[in-house]
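# quick one, what's the 3D model for this:
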Amino acid sequence: MSRDPLLKVYGHIYPVDREFYDALARACADALPDETDIPVIEMDGDMARISFEGAYFPVDETLEALARGLRPDHKGKLDVLDMEGWRLTRHVFDAGRIKSSSASLNNVLDYSGH
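Here you go, the predicted model:
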């Protein structure tokens, strides 16, 4: 019997070198996805892509790894959708900083600028 995931996490950051990617992969290693054959993090050229649906994702550890490696030329975001709490938390990476904000999933289209 399948159940809906409690947490969905989607994001990307670029440009990423192998050292930064490896640090992010280590930070994501404890994730508990619903489908074990789908990678949580993948390299696509110089971009690291995160795609996760499941019970647990190490958000704090991943943000710490991002903060340690973040440079002014990095761009990207990490969206964390808490399906149980019905919230979207968006972490935007720009100019060497992480800016985080949160909103109800009921207001996600207004929140995301669409």
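
# residues touching the closest residue in space to residue 35 that isn't next to it in sequence, list them.
Nearest-residue entry for residue 35: residue 53, 7.5 Å, with adjacent residues in sequence omitted and distances by C-beta to C-beta, 6 or more residues apart in numbering. Glycine gets a C-beta too; all of them are placed from N, C-alpha and C. By C-beta atoms under 8 Å, 6 or more residues apart in numbering, the residues touching residue 53 are 5, 7, 8, 9, 33, 34, 35.

# torsion angles phi and psi at the residue most central in space within the chain?
Of all residues in the chain, the one closest to the mean position by C-alpha atoms, centre = their mean is residue 78, 3.6 Å from it. Per-residue torsions, residue 78: phi -140, psi 120 (degrees, to the nearest 10).

# which secondary structure element contains the nearest residue to it once chain neighbours are set aside?
Leaving aside its sequence neighbours, residue 78 sits nearest to residue 11 (C-beta to C-beta, 6+ apart; 3.5 Å). Counting by DSSP states H and E, the element that carries residue 11 is strand 7-14.

# and that strand, what other elements does it pack with?
strand 47-56, strand 75-82 (3 or more C-beta pairs under 8 Å, 6 or more residues apart in numbering; DSSP states H and E).

# how many residues are close by the nearest residue to residue 95 once chain neighbours are set aside?
In this structure, residue 95 finds its nearest non-sequential neighbour in residue 72, 5.5 Å apart by C-beta to C-beta, 6+ apart. Using other C-beta atoms under 10 Å, residue 72 has 9 other residues around it.

# before we move on, the earlier item: give me the distance from the very next helix or strand once past the strand holding residue 11 to the chain's centre.
Next in sequence after strand 7-14, counting helices and strands by DSSP H and E, comes helix 18-28. Chain-centre distance of helix 18-28: 13 Å, with C-alpha atoms, centre = their mean, to the nearest Å.
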